[in-house]
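S.K.: one predicted model, sequence on top.
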Amino acid sequence: MTSHRSRREFLQTLGLTTAALPFVGNLPSLAFENQTRRKQRLVVIFSPNGVVPPAFWPDAAGNLADMTLKESLSPLEPFKNRTLIMHGVCDRVRGDGDAHMRGMGCLLTGVELFPGNVQGGSDTPAGWARGISIDQEIKNYLQRDAATRTRFGSLEFGVMVPNRADTWTRMVYAAGNQPITPIDDPYQMFNRLYGRMRDQEVVGSVLDDLRDDLQRIGSNVSAEDRRLLDQHATFVREMEQDLRTNRNVGHAAPQLEPNVRNENSNIPRTSRMQIDLMVNSFVNDFARVATLQYTNSVGMARMNWINVSEGHHELSHRPDNDRTAQDQLTRINRWFCEQMAYLARRLADTPEPGGQGSLLDNTLILWTNELGKGNSHTLDNIPFVLVGGGLDFRMGRSLRYTRVPHNRLLLALAHGFGHRIARFGNPNFCGDGVLNNLT
């Protein structure tokens, strides 16, 4: 197998820059890498405060081709044959904290919260989750193998996530008591993806000047000074070598829309920018696991762009007979679904670099929520809507389960990557193994 570095050297012998790598690296006659191992990806999208069940869930199990999706899921109509809707998957984890806190903290970890001092709407305050989240478990599994290791491993995107850090605002955990903060500023995410490259370009320019300066100085100083200069020159050569190895990401950095302030009214623009950056990161294999968190549990967004002026969380507490609130909540979830559909379309329209099909053929998008229904705060029937072909689940279906623990779905995600763990999170909810009827 030819390494990435020797591939760059090959391009350089042709007089090409590494910017040409994405365009020529996938040509069959220039097959530098073993492409037999398929790239698999997982994206978890979170939106808060539950759903309106009659406007969300299909009326029965069966083939989605024979159904018309309900209003909240209607943006996925073009992807029905690639969609899996799972009713009856429940967060059975209990313990300290209110339902919003446990819904958020246990969503991807499948385990209880630590005792803590964050007081919610229950009698028992709570702290962070006790275990790693499934996205990070999968990321760690992929990063252990050189064939699946990527530059970042995982990327945590956000949209209008509050600055405060508490159990309502974090769903990703590197380990128990170790939440990971999502990056909700596209410009900050851009700097994470490309800032080091720009810094290295500046350093490279400085080193070029420094090398020339050392050569000029050398002929005008004493032998002892020249010895010191030689040491400096050795250091410069070592830095140059490091830059040649690590400088290039193999493509031009994308362009971001300028001057988009991180505020409520710009949520739609921020969402598109984050999704576009995520797709770009997949094209260039920066990561194979990503999360996209919209606001937070108890999210308070005011979605004026769809004519909803009241805060999302307040609306979610309105009774079922408040038809205005139910309509607005339905439109809110439809908007979130539109973001999922936009990501699916971007992935579907992007060929898999060096592989078969599209990015969507090799990516599973999972959209979920901390609650099944906002005004009851139930942790039953948590929304789990899946789109894409990344884990080879049988798509195009509406599935109905009877109050199965969501830990079994988390297990299935790991198994879909070949990570055959027997339990995840609280083992009491893993006894029946991987969730059935997915493949």
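M.R.: In hand now; what should we look at?
S.K.: for the helix or strand where residue 340 lies, the distance to its chain's centre please.
M.R.: Taking DSSP states H and E as the criterion, residue 340 maps to helix 323-348. Its chain's C-alpha centre and that of helix 323-348 lie 18 Å apart, by C-alpha atoms, centre = their mean, to the nearest Å.
S.K.: point to the residue nearest the middle of this structure.
M.R.: residue 290 (1.8 Å; C-alpha atoms, centre = their mean).
S.K.: would you agree that one falls within a strand?
M.R.: Yes. Secondary structure assignment places residue 290 in a strand (DSSP: H, G, I helix; E, B strand; the rest coil).
S.K.: is it true that it touches residue 278?
M.R.: Yes. Applying C-beta atoms under 8 Å as the test, residue 290 and residue 278 come out as touching, 5.4 Å apart. C-beta here means a position set from N, CA and C on the backbone, and glycine is covered the same way.
S.K.: report back the residue of this structure that's furthest from centre.
M.R.: If you look at how far each residue of the chain sits from its centre, by C-alpha atoms, centre = their mean, the farthest one is residue 222, at 58.0 Å.
S.K.: so which residues of the stretch 1-150 of the chain form helices?
M.R.: The residue ranges that make up the helices of the stretch 1-150 of the chain, judged by DSSP state H, counting those that start in this stretch, are 4-13, 21-24, 99-105, 134-143.
S.K.: if I average pLDDT within each of those, which one is lowest?
M.R.: Between those, the lowest average pLDDT goes to helix 21-24, which shows a mean of 42.
S.K.: show me the shaky parts of the stretch 201-350 of the chain.
M.R.: For the stretch 201-350 of the chain, the stretches flagged by pLDDT under 70 are 201-216, 218-219, 224, 227-229, 231-252.
S.K.: 80 - rerun?
M.R.: Where the stretch 201-350 of the chain drops to pLDDT under 80, the residues are 201-253.
S.K.: gap between residue 436 and residue 411?
M.R.: Computed with C-beta to C-beta, to the nearest Å, the distance linking residue 436 and residue 411 is 11 Å.
S.K.: show me which of these two is the more surrounded one.
M.R.: Each of residue 436 and residue 411 has its neighbours counted (other C-beta atoms under 10 Å); residue 411 has more, 26 against 12.
S.K.: and the helix or strand containing that one, what other elements does it pack with?
M.R.: Element membership of residue 411, judged by DSSP H and E, is helix 407-416. Contact partners of helix 407-416 among helices and strands, from 3 or more C-beta pairs under 8 Å, 6 or more residues apart in numbering; DSSP states H and E: helix 134-143, strand 363-368.
S.K.: adding mean neighbour count and distance to residue 162, write the ones you listed out as CSV.
M.R.: What follows is those, written out as CSV (neighbours: other C-beta atoms under 10 Å; distance: least, C-beta to C-beta, whole Å):
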stretch, mean neighbour count, distance to residue 162
helix 134-143, 23, 21
strand 363-368, 25, 19
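S.K.: can you list the domains in this structure?
M.R.: The chain resolves into domains spanning 1-36, 41-185+262-429, 190-255 when parsed by automatic domain parsing.
S.K.: need the winner for burial among these.
M.R.: For the domains of the chain, the stretch with the most neighbours on average is domain 41-185+262-429, a mean of 20; neighbours defined as mean count of other C-beta atoms under 10 Å.
S.K.: and the end-to-end length of that one?
M.R.: End-to-end distance of domain 41-185+262-429: 25 Å, with C-alpha to C-alpha, to the nearest Å as the criterion.
S.K.: check stretch 70-80 too.
M.R.: 12 Å.
S.K.: and the end-to-end length of stretch 381-390?
M.R.: Between the opening and closing residues of stretch 381-390 we find a distance of 24 Å, counting by C-alpha to C-alpha.
S.K.: chain center to it: distance?
M.R.: Between the mean C-alpha location of stretch 381-390 and the chain-wide mean there is a distance of 14 Å, by C-alpha atoms, centre = their mean.
S.K.: now swap in stretch 48-59 and tell me
M.R.: Offset of stretch 48-59 from its chain centre (C-alpha atoms, centre = their mean): 23 Å.
S.K.: average model confidence for stretch 69-76?
M.R.: The average pLDDT within stretch 69-76 is 98.
S.K.: what's it in contact with?
M.R.: Judged by C-beta atoms under 8 Å, 6 or more residues apart in numbering, the contacts made with stretch 69-76 from elsewhere in the structure are 51-52, 54-58, 68, 77, 80, 83, 85, 330, 333-334, 337-338, 340-341, 344, 385, 387.
S.K.: quick check: end-to-end length of that stretch?
M.R.: With C-alpha to C-alpha applied, stretch 69-76 spans 8 Å between its terminal residues.
S.K.: quick one on the thing from earlier: shared neighbours, residue 290 and residue 278?
M.R.: Residues touching both residue 290 and residue 278 (C-beta under 8 Å, 6+ apart) are 43, 155, 157.
S.K.: what is the first one paired to in the beta sheet?
M.R.: Taking DSSP bridges, one finds residue 290, residue 365 as the beta-bridge partners of residue 43.
S.K.: and if you look at the last one?
M.R.: According to DSSP bridges, the residues that bridge with residue 157 are residue 183, residue 292.
S.K.: distance of it from residue 259?
M.R.: Where residue 259 is concerned, residue 157 sits at a distance of 20 Å (C-beta to C-beta).
S.K.: over to residue 338?
M.R.: Between residue 338 and residue 259 the distance, using C-beta to C-beta, works out to 24 Å.
S.K.: ok, residue 270 next?
M.R.: The span separating residue 270 from residue 259 equals 12 Å under the rule C-beta to C-beta.
S.K.: the residue nearest to residue 136 when sequence neighbours are not counted and residue 188, how far apart?
M.R.: Among residues not flanking residue 136 along the chain, residue 174 sits closest, at 5.5 Å (C-beta to C-beta, 6 or more residues apart in numbering). Plainly put, residue 174 is 19 Å away from residue 188 if you go by C-beta to C-beta.
S.K.: what's the answer for residue 322, then?
M.R.: Distance check for residue 322 against residue 188: by C-beta to C-beta, it reads 39 Å.
S.K.: distance between the ends of stretch 420-428?
M.R.: Terminal residues of stretch 420-428 are spaced 18 Å apart (C-alpha to C-alpha).
S.K.: what's the spacing between that stretch and its chain's center?
M.R.: Its chain's C-alpha centre lies 22 Å from the corresponding centre of stretch 420-428 when counted by C-alpha atoms, centre = their mean.
S.K.: distance check, residue 153 against residue 281.
M.R.: Between residue 153 and residue 281 the distance is 11 Å, computed by C-beta to C-beta.
S.K.: what residues are shared contacts of the two?
M.R.: Jointly contacting residue 153 and residue 281 under the rule C-beta under 8 Å, 6+ apart are residue 287.
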